[in-house]
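**Q** quick one: sequence and predicted model below, then my questions.
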Amino acid sequence: MKTSKLLLTGAALCLTTISLTACGQKQNSQQQVLNWMTTAEVPTMDNSKSYDSVSNTQLSNVDEGLYRSGKDAKIEPALAKSVKTYNNQTKWVFTLRKAKWSNGDPVTAQDFVYAWRRTINPKTAAQNAYLYEGMIKNASAIADKKKPVSALGIKALSKYKLEVDLETHTPYFKQLLTEPLFFPQNKKVVEKYGSKYGTASKYTVYNGPYVQKGWSPATLNWKLVKNKQYWDKDKVKLQQINFSVQKTPSTSYNLYRQGKLDTTYLDMSQTKQLKGNSDYILRPAAMTEYIEFNQQDNTALKNENVRKAIALAINRKALCQTLGGANKPANTLTATNVVKTGGKDYTSLISKQAKQMSTLNKKKAQAYLDKGLKELGKKHLTFTILFDDNDSAKRVTETLQSQLETNLKGLKINVQNVPYKTRLNRAINQQFQIVVTSWSTDFADPISFLQLVQSKNDNNDGKYSNSTFDSLLQQASQTTNDTARMKLLAKAEDTVLNTAGITTLYYPSQAWLMKSKVKGLIYSATGGYNFKQVYIK
């Protein structure tokens, strides 16, 4: 998922600046109220169109699918009361528990059928609909407009019985079902609001532990309130979660110290000062921060030698030191410590040569740039790097600007920092030259990362296209031997790294403070934040 997947951070404010003091004073009388934060605005509450971690965290706590990601990323039953599989797990039959939407409507098998068909429908333009393709029967043909949406491999056998047909055995299928992209939708509500659906709290309906209130894309404060219609409401202890957007670590930390926030993320200096604090928490992420080049509209960035020059001119270790925390230099697109194969980390299969494309080499970088300039018939090049407008993002762009201009003669770098949602929209529409982005996987498989740069993938914002890479992914999708499959995926990853189709930066790991009174919070690198059983002690 795009964060970019961006790490959520903790804390919340009352709804106005004036009410901050009152918010702190009322803590004792409202024990089961959590104040939480995020570093970016929420782009959407339409689970068909969600493609980022900020939206997904909201959706995963106000809505629910067949399964939920629990402690230690364990997959737990949610709306799936029971399941049976057939034909080498290519046919799944789910029996649903009786649950309700927040408006009192029953959640039925048909709600899943409607939602999945809406998501794969090309008219919806769902950014992550590709996750259905090659897995759910006929999804690829529907996406290519060769079959109607009614041909999708999902049907309601009865009000509470759902059947799903897969193209092939998919080992990570249950993990995907914890994602908002596979949640049900209330057809009556979607059609009632039309184009407004999911664009504000009041233009949707909920079936999860909480109900969202007061949100619209421009708001910096909103809340989640306990859903009285939720089937498992007895396990939900919090009455309310106050959310606020905090882009400056110093402001967030001050609010935390004042008792107005229950958690805060830390920048480099704060991390060094507070590492010994009893509230200190280090949260790793199954995520890679990387650069995409606009290879569709920018002739210079289509040049492989220019891209290689940029890749080799970046000092990733120094970048991580600037950011602080426990971020580590990245030399693979697939994040480390996410996928195991044969008792080893999957990334060990990626060649040394490919990994060296993410290692600083000034001499080689300049040689590639000189070669690229000669091929382009130019003496110098100017590019603009696009990224978010929070403090950490600004440090990234400033560092990259300094490193690239210092290490490459003939290259001028400008930077542009914009709100998270703006950056996402510009990236999707190729309104950039170089963009910093990231991906946080929701299931432990390299394909989650590698699909990002397939020629026809909607998340391939840079429009990288390589026939060898696409062919290797296709071969991997057709093999049932896991060892052989992983080797094919590693070869594909070698290809994209060796051609600098993208350029890796670092594997994020965020340092936080969280009040000891906050109990029951479930966080996992692949599953994100689960607030269902959180309580204030």
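**A** Thanks, I have it.
**Q** show me the contacts for A393.
**A** The neighbours of A393, taking CB atoms under 8 Å, 6 or more residues apart in numbering as the test, are F387, N417, V436. For glycine as for every other residue, the C-beta is placed from the backbone atoms N, C-alpha and C.
**Q** by neighbour count, which of those residues wins?
**A** With neighbours defined as other CB atoms under 10 Å, the most crowded of these is F387; it has 27 neighbours.
**Q** ok, that residue to Y265 distance?
**A** Applying CB to CB, to the nearest Å, the value for F387 to Y265 is 17 Å.
**Q** repeat for P171
**A** Taking CB to CB, one finds P171 at 34 Å from Y265.
**Q** please apply the same query to T334.
**A** 25 Å.
**Q** who's more crowded, these two?
**A** Neighbours per residue, other CB under 10 Å: of T334 and Y265, the larger number sits with Y265, 29 against 26.
**Q** surely that one touches M514?
**A** No - assessed by CB atoms under 8 Å, Y265 is found out of contact with M514, at 10.1 Å.
**Q** domain-wise, how is this structure divided?
**A** Domain assignment for the chain by automatic domain parsing gives 20-242+512-536, 287-507.
**Q** can I get the ones you listed in a markdown table with mean pLDDT and distance to Q270?
**A** Output for the domains of the chain, formatted as a markdown table (pLDDT from 0 to 100; distance: least, CB to CB, whole Å):
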| stretch | mean pLDDT | distance to Q270 |
| --- | --- | --- |
| domain 20-242+512-536 | 92 | 8 |
| domain 287-507 | 95 | 8 |
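**Q** show me which of the contacts of A393 is closest to A309.
**A** Relative to A309, the closest of the contacts of A393 is V436; by CB to CB it sits at 17.4 Å.
**Q** the closest one belongs to a strand?
**A** Yes - read with DSSP: H, G, I helix; E, B strand; the rest coil, V436 is one of the residues of a strand.
**Q** excluding covalently adjacent residues, which one is nearest to it?
**A** Distances taken as CB to CB, 6 or more residues apart in numbering place F387 nearest to V436, at 4.1 Å, with adjacent residues excluded.
**Q** list the contacts of that neighbour.
**A** Contacts here follow CB under 8 Å, 6+ apart; on that basis F387 touches A393, K394, V396, T397, V415, Q416, N417, V418, R423, V435, V436.
**Q** make sure the first one is indeed in a strand.
**A** No - per three-state DSSP, A393 lies outside any strand segment and is helix.
**Q** how near is it to S440?
**A** Per CB to CB, A393 is found 16 Å from S440.
**Q** so which of the domains of the chain is nearest T248?
**A** T248 lies closest, by CB to CB, to one member of these: domain 287-507, at 5.6 Å.
**Q** from the chain's centroid, how far away is stretch 471-491?
**A** Chain-centre distance of stretch 471-491: 24 Å, with CA atoms, centre = their mean, to the nearest Å.
**Q** got the CA positions of it in PDB?
**A** What follows is stretch 471-491, C-alpha atoms only, in PDB (Å, rounded to 0.1, in the frame of the first residue of the first chain):
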ATOM      1  CA  SER A 471       8.100 -12.200 -18.200                       C
ATOM      2  CA  LEU A 472       9.700 -13.300 -15.000                       C
ATOM      3  CA  LEU A 473       6.700 -12.300 -13.000                       C
ATOM      4  CA  GLN A 474       4.500 -14.100 -15.400                       C
ATOM      5  CA  GLN A 475       6.500 -17.300 -15.000                       C
ATOM      6  CA  ALA A 476       6.500 -17.000 -11.200                       C
ATOM      7  CA  SER A 477       2.700 -16.700 -11.200                       C
ATOM      8  CA  GLN A 478       2.400 -20.000 -13.100                       C
ATOM      9  CA  THR A 479       4.700 -22.200 -11.000                       C
ATOM     10  CA  THR A 480       3.400 -24.000  -7.900                       C
ATOM     11  CA  ASN A 481       6.900 -24.800  -6.600                       C
ATOM     12  CA  ASP A 482       7.600 -22.200  -4.000                       C
ATOM     13  CA  THR A 483      11.400 -22.500  -4.200                       C
ATOM     14  CA  ALA A 484      11.400 -22.000  -8.000                       C
ATOM     15  CA  ARG A 485       8.900 -19.200  -7.700                       C
ATOM     16  CA  MET A 486      11.100 -17.300  -5.200                       C
ATOM     17  CA  LYS A 487      14.100 -17.600  -7.500                       C
ATOM     18  CA  LEU A 488      12.100 -16.200 -10.500                       C
ATOM     19  CA  LEU A 489      10.900 -13.300  -8.300                       C
ATOM     20  CA  ALA A 490      14.500 -12.600  -7.200                       C
ATOM     21  CA  LYS A 491      15.600 -12.600 -10.900                       C
END
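**Q** contact partners of it?
**A** By CB under 8 Å, 6+ apart, stretch 471-491 touches 134, 168-169, 171, 339, 341-342, 346, 349-351, 446-447, 450-451, 454, 492, 495.
**Q** alright, I will stop here.
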